[in-house]
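only the shape, not the letters, is given here:
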């Protein structure tokens, strides 16, 4: 099957910058896959996202989206396939009501009114915001605003949705709301998800994780493989999942701990075994 | 300097059809040199409460006593100037308030406004830059050439330059990455310890409450519904869950382990406390 995204040997340099913001970045994302890109602030995550839909033009290398190689002649076709949800929900609203806002992108693309009404209603249903259709976006909570932003994207029926730190300005409840929404959308559609995040819990929901450090891919793996790095993640400016923190605290007290990643359940099992064999 | 709320209520747009409750009958004391966390949902009244700490808002009913100054519904704004210096406010995304050409000028702006001579204000800026952990070189730079985390530090330095006794922080780590968050929280703990600042922190991060605060206020629909030490407040796991307020990760883990048969007393709030209590229950370090 054709990959949803194939990036090879991508370099990017900001004007006037001394060093490359992205260096020799290569990876592929399969259709329907959820890939999380993690890394500290300034590691190149958002630069990468902007290279995927032509907001920035690579210095070298290629980006292929759904079989189309990104170039000046394909950029509009590619943007129709890729929707991006940005960090700050307040910076992406244009409509006076929630429904108007979701319709905005469709109007721009000249979608006929009858179809537009259906798509807006469907998209609001998908994100659980139909009851808010006539409300003013400014009066919604952060999590609700991001759900509306996501509705605006999925109304355009893209193949790929990029979440560029879309949960980083939300409170914990809002974050959970968005992660659960993405899980639900993936269960019911063929949507490919690329989430750029430094939230370790969001990354834990992905199929695969790409760890970016100083513009280069440090490693690629399943969440469990990445989390097994434990304290090294802290050195890379990231957080570690809670069970890894407790493991480290116990190891520091001389308790033998397994090297592989354990989730809360797994760590509980392990500790209970120690307790039972005391 | 203690800050005492005595039966404080605040109504937004009082006397109009749009009147809405911001605070309802809040009574509490934020002690001098304490590190107080305020938690609660968006819209629970946290920000309204914060704005009473330096009389940006005045109570509709009741009194707020800040040091030796008592704020009543009738208090005249003219007398509030000294207060604004004593209580420093760091709002959310404080870096949005930077505007000057250089970091030094931006930090010196506040003190100059309060009558400090320019040379003295710039000397103050130099000291504040050190205090927030930025290199001296940034003083001559434009604040807009710095990273987001550094810009936020400059904004905080600007508030510290007023030499306040109380530092009020409204979600100061929102939008920072984990390393930036940890550095920022360590910095506030240092300011609390070495400068004797009273800290009031509004946050959604329950782990920060567990790690740093000595006192917690829980707001819900304009009312102060719980107050106590982090241990007292987080011990009510069921109640917190019912209000979807969340718990420190350690408390959640301890609860899961308790369901298997482990025992914890008192409730551990940090990974180290949990590890200490687990040690004798898993055969200690000698277990092989």
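In hand now; what should we look at? What you see is a predicted model, and the numbers here were worked out from it, not measured in a lab. Numbers count the residues shown, from 1 in each chain, chains lettered A, B, ... in the order given.

need the contact list for the closest residue to residue A:63 other than its chain neighbours.
Take residue A:63 and drop its neighbours on the chain: the residue closest to it by CB to CB, 6 or more residues apart in numbering or on different chains is residue A:70, 4.2 Å away. Placement of C-beta: from N, CA and C, glycine included. With contacts taken as CB atoms under 8 Å, 6 or more residues apart in numbering or on different chains, residue A:70 has the following neighbours: A:52-54, A:58, A:62-64, A:78.

ok, now how distant is residue A:70 from chain B?
From residue A:70 across to chain B, the span is 28 Å (CB to the nearest CB, to the nearest Å).

and the strands in the stretch 51-200 of chain A?
A:60-65, A:68-69, A:82-85, A:160-164, A:192-197 (DSSP state E, counting those that start in this stretch).

what is the spatially most central residue of chain B paired to in the beta sheet?
Centroid-nearest residue in chain B, with CA atoms, centre = their mean: residue B:201, separated by 1.3 Å. The residues paired with residue B:201 through beta bridges, assigned by DSSP bridges, are residue B:37, residue B:169.

residue of the stretch 151-278 of chain A closest to chain B, please.
Among residues of the stretch 151-278 of chain A, the one nearest chain B by CB to the nearest CB turns out to be residue A:254. It sits 3.0 Å away.

who in the stretch 151-288 of chain B is up against chain A?
Applying CB under 8 Å from any CB of the partner chain, one finds that the stretch 151-288 of chain B approaches chain A through B:174-180, B:204-205, B:244, B:246, B:249-250, B:252-253, B:256-257, B:260-262, B:271-272, B:274-276, B:278-279, B:281-288.

for residue 216, give me phi and psi.
Let's take chain A. Geometry field for residue A:216 lists phi and psi as phi -120, psi 150, criterion degrees, to the nearest 10.

correction: the question concerned chain B.
The phi and psi torsions at residue B:216 (degrees, to the nearest 10) take the values phi -130, psi 140.

bridged to it, which residues?
residue B:37, residue B:228.

just the buried residues of the residues of the stretch 151-288 of chain B next to chain A.
Buried members of these, scored by 16 or more other CB atoms under 10 Å in any protein chain shown, are B:174-180, B:204-205, B:246, B:249-250, B:252-253, B:257, B:262, B:271-272, B:274-275, B:278-279, B:281-282.

quick one: residues contacting the closest residue to residue B:195 other than its chain neighbours.
Leaving out its chain neighbours, the residue that sits closest to residue B:195 by CB to CB, 6+ apart is residue B:131, at 7.7 Å. If a contact means CB under 8 Å, 6+ apart, then residue B:131 has B:157, B:160, B:191, B:195 as its contacts.

so what's the spatially closest residue to residue B:158 that is not a sequence neighbour up against?
Once its chain neighbours are removed from consideration, residue B:158 has its nearest residue in residue B:107; the separation is 4.8 Å (CB to CB, 6+ apart). The neighbourhood of residue B:107, defined by CB under 8 Å, 6+ apart, consists of B:124-125, B:128-129, B:154, B:157-158, B:161.

ok, now how distant is residue A:110 from residue A:116?
Taken as CB to CB, to the nearest Å, the spacing of residue A:110 relative to residue A:116 amounts to 10 Å.

wouldn't residue B:86 be in contact with residue B:1 here?
Yes - between residue B:86 and residue B:1 there is a contact under CB atoms under 8 Å: 6.6 Å.

mind listing the shared neighbours of these two?
B:66-67, B:165-166.

return the item of those having minimum pLDDT.
Lowest model confidence among the shared contacts of residue B:86 and residue B:1 falls on residue B:67, which carries 91.

let me know how buried the nearest residue to residue B:56 once chain neighbours are set aside is, in neighbour terms.
With CB to CB, 6+ apart as the criterion, residue B:56 has its nearest non-adjacent residue at 7.7 Å, and that residue is residue B:89. In terms of burial, residue B:89 registers 20 neighbours under the definition other CB atoms under 10 Å in any protein chain shown.

can you pull up the bridge partners for residue B:89?
residue B:168.

does it touch residue B:160 like I think?
No - in this structure, residue B:89 sits apart from residue B:160 without contact. The criterion is CB under 8 Å, and the distance is 11.6 Å.

rebuild the strands of the stretch 51-200 of chain A as JSON lines, extending it with distance to residue A:174 and mean neighbour count.
Written out in JSON lines, the entries for those read as follows (distance: least, CB to CB, whole Å; neighbours: other CB atoms under 10 Å in any protein chain shown):
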{"stretch": "strand A:60-65", "distance to residue A:174": "29", "mean neighbour count": "18"}
{"stretch": "strand A:68-69", "distance to residue A:174": "34", "mean neighbour count": "13"}
{"stretch": "strand A:82-85", "distance to residue A:174": "13", "mean neighbour count": "23"}
{"stretch": "strand A:160-164", "distance to residue A:174": "13", "mean neighbour count": "24"}
{"stretch": "strand A:192-197", "distance to residue A:174": "14", "mean neighbour count": "25"}
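
got JSON lines for the ones you listed, with distance to residue A:6 and mean pLDDT too?
Converted to JSON lines, those look like this (distance: least, CB to CB, whole Å; pLDDT from 0 to 100):
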{"stretch": "strand A:60-65", "distance to residue A:6": "4", "mean pLDDT": "95"}
{"stretch": "strand A:68-69", "distance to residue A:6": "9", "mean pLDDT": "94"}
{"stretch": "strand A:82-85", "distance to residue A:6": "13", "mean pLDDT": "90"}
{"stretch": "strand A:160-164", "distance to residue A:6": "12", "mean pLDDT": "92"}
{"stretch": "strand A:192-197", "distance to residue A:6": "12", "mean pLDDT": "93"}
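
CSV for the ones you listed, including distance to residue A:227?
Listed next are these as CSV, based on distance: least, CB to CB, whole Å:
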stretch, distance to residue A:227
strand A:60-65, 29
strand A:68-69, 34
strand A:82-85, 25
strand A:160-164, 20
strand A:192-197, 14
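
number of nearby residues for residue B:101?
Residue B:101 - counted by other CB under 10 Å - has 12 other residues nearby.

how about the residues of the stretch 1-150 of chain B near chain A?
If contact is defined as CB under 8 Å from any CB, the residues of the stretch 1-150 of chain B in contact with chain A are B:41-43, B:147-149.
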